[in-house]
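Undergrad: dropping the sequence and predicted coords here.
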Amino acid sequence: MSTTQKSQTPSKARPVTAPEIQARKNGQKITCMTAYDYSSGMIVDQAGMDVVLVGDSLAMVILGHEDTLSVTMDEMIHHTRATSRGVKHALLVGDMPFMSYTTVDKAVDNAGRFISEGRAKAVKLEGGVSVAPQIKAIVDAGIPVMGHVGLTPQHVARFGGFKAQGKSAEAARALVEDAQAVEEAGAFAVVLEAIPVEVAELITKAVNIPTIGIGAGNVTDGQILVYHDVLGLFDRFTPKFVRQYAELGKTSTEALSTYCTNVQQGHFPGDKNTIYMSDDQVGQIRKIKIKKKK
């Protein structure tokens, strides 16, 4: 690692800040992961993540919706606040949900809720040129913003499904313009989702803020994945760009099935799981006469 990269690495002795992440452009790769509650926030934070995103993907992996469009501001705030209690070092980012930033005023108000109520340190919103005014207003209000271009799940109805974006020269040019608009508006980083690696490389070179890839190849300044995908906890579908590092869903099911069997066969609880009285108190207990109610 170079001296420059070392100086850009946020210290784990104190919370990571948005300016520190922004300074990591072309430096050490930025590690990001989603989390949705105290326990998952604590786990990913202790694993050493630079950024923890309370993603609107919780609509699917936590609340069981078909897409991300149904999660509300109140639900996002609730989960962000819970996650904040487990995150001590990483930069905590709250994902602004569908329809929460349709106007500048609404965007600023809702971003403020993520900071004051959710205890996030930054917010993320989807879109490029079309949401640049909202990004600028939020940043002007003193709230760091992470952008998100490419496949933006909140626009899945317009895309006709969860489909890769930027697969033509014209589409690639539009994505570059979106990313540059996000940067110009004041965002400290931008997520690039489900785009060809060639386009991701083009965007990464075209902007002076870090790019965070998810399905954008290994040319970005960092990577982000969904907690449940990485740990094998969500099996409805697994995107091509996910690498599963564990099968905790399968392991959990097997463990809980064993518990059921142990209870049914009388093997749990055992002696080590049981509280016993002293012998003298047992004698006293046996003298107690109880009249059963009819």
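TA: Received it, and whenever you're ready, just let me know what you need. Numbering: from 1, shown residues only.
Undergrad: secondary structure class for residue 92?
TA: Classification of residue 92 using DSSP: H, G, I helix; E, B strand; the rest coil returns strand.
Undergrad: quick check: domain ranges of this protein?
TA: Recorded structural domains for the chain (assignment: automatic domain parsing) are 3-246, 250-286.
Undergrad: would residue 137 count as being in a strand?
TA: No: under the criterion used here (three-state DSSP), residue 137 is helix, not part of a strand.
Undergrad: low pLDDT regions in the stretch 151-294 of the chain?
TA: Applying pLDDT under 70 to the stretch 151-294 of the chain flags the ranges 157-162.
Undergrad: for it, what spans make up the strands?
TA: Using DSSP state E, counting those that start in this stretch, the strands found in the stretch 151-294 of the chain span residues 189-193, 211-214, 222-225.
Undergrad: report how many residues lie close to residue 280.
TA: Residues near residue 280, counting by other C-beta atoms under 10 Å, number 8. (Each C-beta comes from the backbone N, C-alpha and C, glycine too.)
Undergrad: what's the answer for the one 10 residues further on, then?
TA: Other residues near residue 290 come to 5 when the count uses other C-beta under 10 Å.
Undergrad: from residue 280, how far off is it?
TA: 20 Å (C-beta to C-beta, to the nearest Å).
Undergrad: spatially nearest residue to the residue most central in space within the chain, not counting backbone neighbours?
TA: Taking C-alpha atoms, centre = their mean as the criterion, residue 34 is the residue nearest the geometric centre of the chain, at 1.9 Å. Excluding the flanking residues, the one nearest residue 34 by C-beta to C-beta, 6 or more residues apart in numbering is residue 55, at 4.2 Å.
Undergrad: counting neighbours, what do you get for that neighbour?
TA: 29.
Undergrad: and it, what is it in contact with?
TA: Contact analysis of residue 55 by C-beta atoms under 8 Å, 6 or more residues apart in numbering lists 34, 36, 95, 226.
Undergrad: which one of these is nearest to residue 259?
TA: residue 36 (24.4 Å; C-beta to C-beta).
Undergrad: the closest one and residue 66, how far apart?
TA: Using C-beta to C-beta, residue 36 is found at 17 Å from residue 66.
Undergrad: look at those two and report which has more neighbours.
TA: A count of neighbours by other C-beta under 10 Å puts residue 36 above the other of residue 36 and residue 66, at 24 against 10.
Undergrad: now the residue lying closest to the more buried one once chain neighbours are set aside: how far from residue 120?
TA: Counting by C-beta to C-beta, 6+ apart, residue 36 lies nearest to residue 58, which is 4.5 Å off, once chain neighbours are set aside. Distance of residue 58 to residue 120, computed by C-beta to C-beta: 14 Å.
Undergrad: again with residue 107
TA: To residue 120, residue 107 is 15 Å away according to C-beta to C-beta.
Undergrad: what do you get for residue 140?
TA: 18 Å.
Undergrad: hang on, the earlier thing: settle it for me: which of residue 107 and residue 120 has more neighbours?
TA: Shown here are residue 107 and residue 120; by other C-beta under 10 Å, residue 120 has more neighbours (29 against 25).
Undergrad: quick one: contacts for the more buried one?
TA: Contacts here follow C-beta under 8 Å, 6+ apart; on that basis residue 120 touches 54, 80, 84, 92, 93, 94, 114.
Undergrad: mind doing that once more with 6 Å?
TA: Residues in contact with residue 120 (C-beta atoms under 6 Å, 6 or more residues apart in numbering) are 80, 92, 94, 114.
Undergrad: surely the second one is in contact with residue 52?
TA: Yep, that's residue 92 we're talking about. Yes: with contact defined as C-beta atoms under 6 Å, residue 92 counts as touching residue 52 (5.3 Å).
Undergrad: counting neighbours, go ahead and name the busier of those two.
TA: Neighbours were counted for residue 92 and for residue 52 using other C-beta under 10 Å; residue 52 has more, 32 against 26.
Undergrad: so what's the more buried one closest to, chain neighbours aside?
TA: Closest to residue 52 by C-beta to C-beta, 6+ apart is residue 90, at 4.4 Å.
Undergrad: sweet, I'm off.
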